[in-house]
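Colleague: Need a 3D model of the sequence below.
(one chain, ligands or ions: 1)
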Amino acid sequence: MINIREVSKSYGPIKALQHADLHIEKGSCFGLVGPNGAGKSTLMKILVGILEEFGGTVEIGGKPVHQYRRDIKRQIGYVPQDICLEETLTARDNLLLFGQLYGLSGKDLNERISEVLTLIGLEKREKSIVSTFSGGMKRRLNIGCALLHAPEIIILDEPTVGVDPQSRRAIFELIHELKAEGKTIVYSSHYMEEVEQLCDSIGFIDQGMVVEHGTMKEVFEKHRHSSIFIEGEQITEEVLAPYGELTVRENGYVITSIDPLATLQKVALALHSQAVQPTRLELSQTKLEGIFFELTGTQLRDKG
Ligand SMILES: Nc1ncnc2c1ncn2[C@@H]1O[C@H](COP(=O)(O)OP(=O)(O)OP(=O)(O)O)[C@@H](O)[C@H]1O
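Modeller: Coordinates of the predicted model:
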C-alpha cells in the first residue's frame, strides 16, 4: 500500500531522513518507532504531502505522491503531533469546521460528525467548549477531525503524548476499531508498550535511518532472546564472568545465553556455594525497547 524508497530529507545541515526504505501493507497497523528527533514526523509529513521537497520516492496505492498529491490527500487522515483545534468553539463546531475543509457539508456532514463523536467517545460532550476539555479529550477530538472524510489511511503522530489513562484507553479502542474496519494505520511513538500492543508491523528509526523493519513476528524472531538479570551488592563481574556474555544494566548485570534456564541454574548454584546473596535473579525476554537499544545503542526515552 505504501512504498517508501530511498527517502532523504535535510533541513539545511540537518539530515532528518537518510535513504529510508519501508513498506507498509494495506490494512496493517504500522508502528514507526524512534527517539525524539529521529525523523518520524518528517517521514509522516512527507507521506501526507505537507513536505513536498525530498529525495527518493513514495508511492501510495501504487501512485507516486509527487504526481497524485490531490487524490492521495483525500485517502489520508493525518493527526499531527501538535493539537490543532479552535478552543473557543464546541467539539461539534470544530468537527463542522474541519469537515467543511474536507469539502463535506449538509446532512452528510452532520451524520458523519455524530458517528465520529461516538467513535472518539465524546458524544456527550459535543456541545462543550473545547477550552474546558482535558488534554486527552482534546487529543481525541483532534483525531476525530482527521476521520471525518472516512480516510483509508490514518497517520497518527505520537497521539498519546500527555494524555490521561482514560483517554489513552479510548484512543487504543479507537485504533482497534479502525483496524477492524480494515484501515491502514501508521502510528508513531516512542512508547514501546503501545506499539507492541497495537501494531502488527514496525520500523525502527534512529538519526534519520531505518535500522530495522518488518512484521512484529519477524522482528521478534530475529532479535528476541532470553537473558538473565542479576543484581546485588556482592555481585561482581568476576563472579559472573564464567557463565556467559555480560552487559551492565541499571544496577546489575545481564547474561545473554542460548539456554538461559540452564545458565540460571548454574549461576544460582555458584552463588549459593560462594554464599553470595543476590537481591534479584531473574529470566527476562528481550522486549522491543531492548531490541531498539541493541540495534542503536540509544534508549528510546533518554531524550524525551
Ligand atoms: N522545520 C525544521 N527545520 C529544521 N530542522 C527540523 C525541522 N523539522 C525537524 N527538524 C529536525 O529534523 C530532525 C528530525 O525531526 P523530526 O521532527 O522528524 O523527528 P521526530 O522523530 O518526529 O521527533 P519528535 O518526536 O521530537 O517530533 C530533528 O533533528 C529536528 O530537530
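Colleague: Please list the residues of the stretch 101-250 of the chain that sit near the ligand.
Modeller: Residues of the stretch 101-250 of the chain lying close to the ligand (Cβ under 6 Å from any ligand atom) are residue 158. (Each C-beta comes from the backbone N, C-alpha and C, glycine too.)
Colleague: Which stretches in the stretch 101-250 of the chain count as helices?
Modeller: Along the stretch 101-250 of the chain, the stretches classed as helices by DSSP state H, counting those that start in this stretch are 106-119, 135-147, 165-180, 192-198, 216-223, 237-240.
Colleague: Turn the ones you listed into JSON lines, including distance to residue 26 and mean neighbour count.
Modeller: Listed next are the helices of the stretch 101-250 of the chain as JSON lines, based on distance: least, Cβ to Cβ, whole Å; neighbours: other Cβ atoms under 10 Å:
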{"stretch": "helix 106-119", "distance to residue 26": "21", "mean neighbour count": "15"}
{"stretch": "helix 135-147", "distance to residue 26": "18", "mean neighbour count": "22"}
{"stretch": "helix 165-180", "distance to residue 26": "12", "mean neighbour count": "16"}
{"stretch": "helix 192-198", "distance to residue 26": "17", "mean neighbour count": "17"}
{"stretch": "helix 216-223", "distance to residue 26": "17", "mean neighbour count": "14"}
{"stretch": "helix 237-240", "distance to residue 26": "48", "mean neighbour count": "13"}
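Colleague: what about residue 253, which SS state?
Modeller: The local conformation at residue 253, judged by DSSP: H, G, I helix; E, B strand; the rest coil, is strand.
Colleague: That one - how many residues pack around it?
Modeller: The local packing of residue 253 (other Cβ atoms under 10 Å) involves 23 other residues.
Colleague: check contacts around it.
Modeller: Contact analysis of residue 253 by Cβ atoms under 8 Å, 6 or more residues apart in numbering lists 229, 230, 231, 235, 237, 240, 246, 247.
Colleague: what sits against the residue in the stretch 101-250 of the chain that the ligand sits nearest to?
Modeller: For the stretch 101-250 of the chain, the residue closest to the ligand is residue 158, as judged by Cβ to the nearest ligand atom, at 5.9 Å. Contact partners of residue 158, counting by Cβ under 8 Å, 6+ apart, are 40, 81, 188, 189, 190.
Colleague: Neighbours of the residue nearest to it when sequence neighbours are not counted, how many?
Modeller: What sits nearest to residue 158 in space, not counting adjacent residues and going by Cβ to Cβ, 6 or more residues apart in numbering, is residue 81, at 5.0 Å. Residue 81 has 15 neighbours, counted by other Cβ under 10 Å.
Colleague: Now do residue 81 against the ligand, distance only.
Modeller: Distance, residue 81 to the ligand, using Cβ to the nearest ligand atom, to the nearest Å: 6 Å.
Colleague: Just give me how far stretch 264-284 sits from the chain centre.
Modeller: Mean C-alpha position of stretch 264-284 versus that of the full chain (Cα atoms, centre = their mean, to the nearest Å) differs by 37 Å.
Colleague: which residues sit against it?
Modeller: With Cβ under 8 Å, 6+ apart as the test, stretch 264-284 has contacts from 226-235, 239-240, 242-243, 252, 254-255, 260-261.
Colleague: which two in the contacts of residue 253 are spaced the farthest apart?
Modeller: The largest distance within the contacts of residue 253, taken as Cβ to Cβ, falls between 229 and 237 and amounts to 14.6 Å.
Colleague: And the closest residue in space to residue 59 that isn't next to it in sequence, how far from the ligand?
Modeller: Using Cβ to Cβ, 6+ apart and skipping the chain neighbours, the partner closest in space to residue 59 is residue 3 (4.4 Å). Distance of residue 3 to the ligand, computed by Cβ to the nearest ligand atom: 20 Å.
Colleague: ok so, going back, now, the most widely separated pair of the contacts of residue 158?
Modeller: Longest distance between any two of the contacts of residue 158 is 11.5 Å, between 81 and 190; criterion Cβ to Cβ.
Colleague: low pLDDT regions in the protein?
Modeller: 299-304 (pLDDT under 70).
Colleague: Break it down into its domains, please.
Modeller: Annotated domains of the chain cover 2-221, 225-285 [the TED database].
Colleague: returning to that earlier point: please indicate which of the contacts of residue 253 are buried?
Modeller: Buried members of these, scored by 16 or more other Cβ atoms under 10 Å, are 229, 230, 235, 240.
Colleague: Dump the residues you listed to JSON lines, plus distance to residue 110.
Modeller: Converted to JSON lines, those look like this (distance: Cβ to Cβ, whole Å):
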{"residue": "229", "distance to residue 110": "56"}
{"residue": "230", "distance to residue 110": "62"}
{"residue": "235", "distance to residue 110": "66"}
{"residue": "240", "distance to residue 110": "67"}
